[in-house]
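# Return atomic coordinates for the entry below.
(chains A and B)
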Amino acid sequence: MEFEKKEIVKKSEDFSRWYTDVILKAELADYAPVKGCMVIRPYGYALWEGVQKHLGQAIKDSGVPNAYFPLFIPHSFLEKEKEHVKGFSPELAVVTHGGGKKLAEPLVVRPTSETIMYPMFAKWIQSWRDLPFKINQWCNIVRWELRTYLFLRTLEFLWQEGHTAHATHEEAEEEALARLEMYRRFVEGVLAIPTIVGKKSGAEKFAGAEDTYTVEALMPDGKALQCGTSHNLGQNFAKAFEIQFQDKNGQLQHVYQTSWGLSTRIIGALIMVHGDDNGLVLPPEIAPIQVVVVPIGEKSQMSNLKFQNHISNLKTDLETAGIRVKIDDREERSVGWKFNEWELKGVPVRIEIGSQEIKNKSVTVVRRDTGEKSQIPNPKSQTEIERILDDIQQNLYQKAQKSLKENTHEVGDYAEFKKIMSGPRGFIKAFWCGSAECEAKIKEETKATIRAIPLKPEKTLGKCVFCGQPASSRVFFAQAY
RNA sequence: CGGGGACUGGCGCAAUUUGGUUAGCGCGCUGCGUUUGGGACGCAGAGGUUCCCGGUUCGAGUCCGGGGUCCCCGACCA
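Numbers count the residues shown, from 1 in each chain, chains lettered A, B, ... in the order given. The predicted structure is shown next:
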């Protein structure tokens, strides 16, 4: 049942090369002729469009409209929030010349849009009646990273950033947590990637935020990848940008804000978590093509009217059920070639139709996740394929969840911590006293950082895995991407 | 920014050590024909300022000098 792909390195042999191979061979993306940048090809972009469709709908449904703000930010705007500029300065792209002249003030290419949006917020928000104020933007952003990794680390990437302003701290906190939950549901439900959620430590939180929340997933090489992030900004930016409103008592107050984002990085997670030695494996919910139909036979049969009708009827039936179908009737490719290509591209279900199927009044259905082949009688094909797609979605999630469980280690002892980090890695759940020094030392010695502090800590007491001081809760450590 | 490597048709490589005629191979591409249940085959073709600039030489892909770009490994990072 295993058909080896000659062109891809095995996932277990060289994980990062496998990852790059799959992206290039499945035509998701390609290296651009600009250092550190990538081209997202149509099949890869279709995945992003899937993200936009599902997540975009959730955002709109929750009453947040889309808008668009400028790519360029005057440098002085960025400087208004001290922590913010400090955090982003090392990775900024700055435009110093325009129209052949040196600019009076350099323009920063947005690394995130708080500082270009909030002057507008200050203008638009006057009264308690204007609150809550919510806006979302789909755009590209630039952060000058030094090492490129397709989808995970490129100078320019695409994302969605939501920004809200509220009358009270509680409301902002509620919003930030609701967005975290929105991301969790999307990542788990649509992308079939199990996650852990929590709060960031002081060292890891967003520059300028009061609190940062995160949705984290575990990759097969034992490193953690942030899948979405939500910040409670408190009044930090409101004070820097003078975003004030008059409350019901006529008092002038600064708003409380949130911002939250999810990037094309998530496509990297999707590839890593579900892919196998034959290439991509896409969860049906996000797959641009859910079912590919490969007709088999000689020219005479392919051009047979009855045969063609049979195939187009099947396509219509499936499409009626809302399934995304493609018929691969290219003459210039052999059957085996097509099987391999669609497996590489991760299409969840393949249907084979040839003379045998016509004779038996059935279709042959092959699942991408298990390789399982079955014959389904024609009258049942539509409902059965719907069921199989659903089952694949569940199966991928469960497989990933099993792996997450197996690679999450509860550890009480620092020697064991180190051993795991120098071996299989994964998440380490351990007590932490809360000090930044312990956190920094652990990072220095093991590369592990605190990925998430559980939102509802267990009520047990323990000792910090590093210094042995009393600690009130366990946190999740891992090496991050 | 430190350490290493590479640059030759679209892609992957050979020829460089020891300078020598027309720079070769595989994949891909074009045309025609035969094939079609797990990456088919035959025949015929197209495609190159060998990263750039300069030098040595009768002669440079190959030697020398300078420059550039990219990749990998570290540090940084979502």
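
# show me the contacts for A:V255.
A:F121, A:I125, A:L131, A:F133, A:A165, A:H166, A:A167, A:Q235, A:A238, A:I243, A:Q244, A:F245 (Cβ atoms under 8 Å, 6 or more residues apart in numbering). No exception for glycine: its C-beta is placed from N, CA and C like everyone else's.

# ugh, typo on my part, it should be A:I351
By Cβ under 8 Å, 6+ apart, the residues touching A:I351 are A:V291, A:V292, A:V293, A:V294, A:L314, A:V363, A:T364, A:V365, A:V366, A:I385.

# and stretch A:25-44, how far from the chain's centre?
Chain-centre distance of stretch A:25-44: 17 Å, with Cα atoms, centre = their mean, to the nearest Å.

# Report the buried residues of it.
By neighbour count on 16 or more other Cβ atoms under 10 Å, the buried set for stretch A:25-44 is A:K25, A:A26, A:L28, A:A29, A:Y31, A:G36, A:M38, A:I40, A:Y43, A:G44.

# Next, the residues that contact that stretch from outside, please.
A:7-8, A:22-24, A:47-48, A:144-145, A:148, A:150-151, A:154-156, A:158, A:264, A:267, A:271, A:279-280, A:288, A:344-346.

# Could you export that stretch as PDB, keeping only the C-alpha atoms?
Below are the C-alpha coordinates for stretch A:25-44, written out as PDB (Å, rounded to 0.1, in the frame of the first residue of the first chain):
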ATOM      1  CA  LYS A  25       7.000  19.900  -4.900                       C
ATOM      2  CA  ALA A  26       3.300  20.400  -3.900                       C
ATOM      3  CA  GLU A  27       3.600  23.900  -5.500                       C
ATOM      4  CA  LEU A  28       2.500  25.700  -2.300                       C
ATOM      5  CA  ALA A  29       5.300  28.200  -2.500                       C
ATOM      6  CA  ASP A  30       8.700  29.000  -4.100                       C
ATOM      7  CA  TYR A  31      11.700  31.000  -3.200                       C
ATOM      8  CA  ALA A  32      11.500  34.500  -4.600                       C
ATOM      9  CA  PRO A  33      14.400  36.200  -6.200                       C
ATOM     10  CA  VAL A  34      14.600  38.500  -3.200                       C
ATOM     11  CA  LYS A  35      16.500  37.400  -0.200                       C
ATOM     12  CA  GLY A  36      14.300  36.200   2.600                       C
ATOM     13  CA  CYS A  37      11.100  36.400   0.600                       C
ATOM     14  CA  MET A  38       8.800  33.700  -0.800                       C
ATOM     15  CA  VAL A  39       6.200  33.500  -3.500                       C
ATOM     16  CA  ILE A  40       2.900  31.900  -2.400                       C
ATOM     17  CA  ARG A  41       1.700  29.900  -5.400                       C
ATOM     18  CA  PRO A  42      -1.900  29.400  -6.300                       C
ATOM     19  CA  TYR A  43      -2.300  26.100  -4.400                       C
ATOM     20  CA  GLY A  44      -0.700  27.500  -1.300                       C
END
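
# the strands in the stretch 151-300 of chain A, which residues?
For the stretch 151-300 of chain A, the strands defined by DSSP state E, counting those that start in this stretch occupy A:156-166, A:196-199, A:211-218, A:224-234, A:244-246, A:252-254, A:256-263, A:291-295.

# Point out where the stretch 251-400 of chain A drops to low pLDDT.
Within the stretch 251-400 of chain A, no stretch has pLDDT under 70.

# who in it is up against RNA strand B?
A:263, A:265, A:278, A:296-299, A:331, A:334-337, A:339-341, A:343-344, A:352-357, A:364, A:366, A:371 (Cβ under 7 Å from any atom of the strand).

# ok, of those, which come out buried?
In terms of neighbour count (16+ other Cβ under 10 Å), the buried residues within these are A:263, A:265, A:278, A:297, A:339-341, A:343-344, A:352-354, A:357, A:364, A:366.

# Which one of the contacts of A:I351 is nearest to RNA strand B?
A:T364 (4.3 Å; Cβ to the nearest atom of the strand).

# and that closest one, that's in a strand?
Yes: under DSSP: H, G, I helix; E, B strand; the rest coil, A:T364 sits within a strand.

# contacting residues for it?
A:I351, A:E352, A:I353, A:Q356, A:E357, A:K373, A:S374, A:Q375, A:I376.

# Quick check: chain neighbours aside, which residue is closest to the third one?
In space, and not counting its chain neighbours, A:I353 is closest to A:P295: 5.4 Å by Cβ to Cβ, 6 or more residues apart in numbering.

# for the one you found, what are its contacts?
A:P295 touches A:M302, A:F307, A:I311, A:I327, A:D328, A:D329, A:I353, A:G354, counting by Cβ under 8 Å, 6+ apart.

# And for the fourth one, the neighbour number?
Using other Cβ atoms under 10 Å, A:I327 is surrounded by 17 other residues.

# Once you drop chain neighbours, what's closest to it?
A:V293 (4.7 Å).

# and if you look at the last one?
Here the nearest residue to A:G354 in space, its sequence neighbours aside, is A:I296; by Cβ to Cβ, 6+ apart that works out to 3.5 Å.
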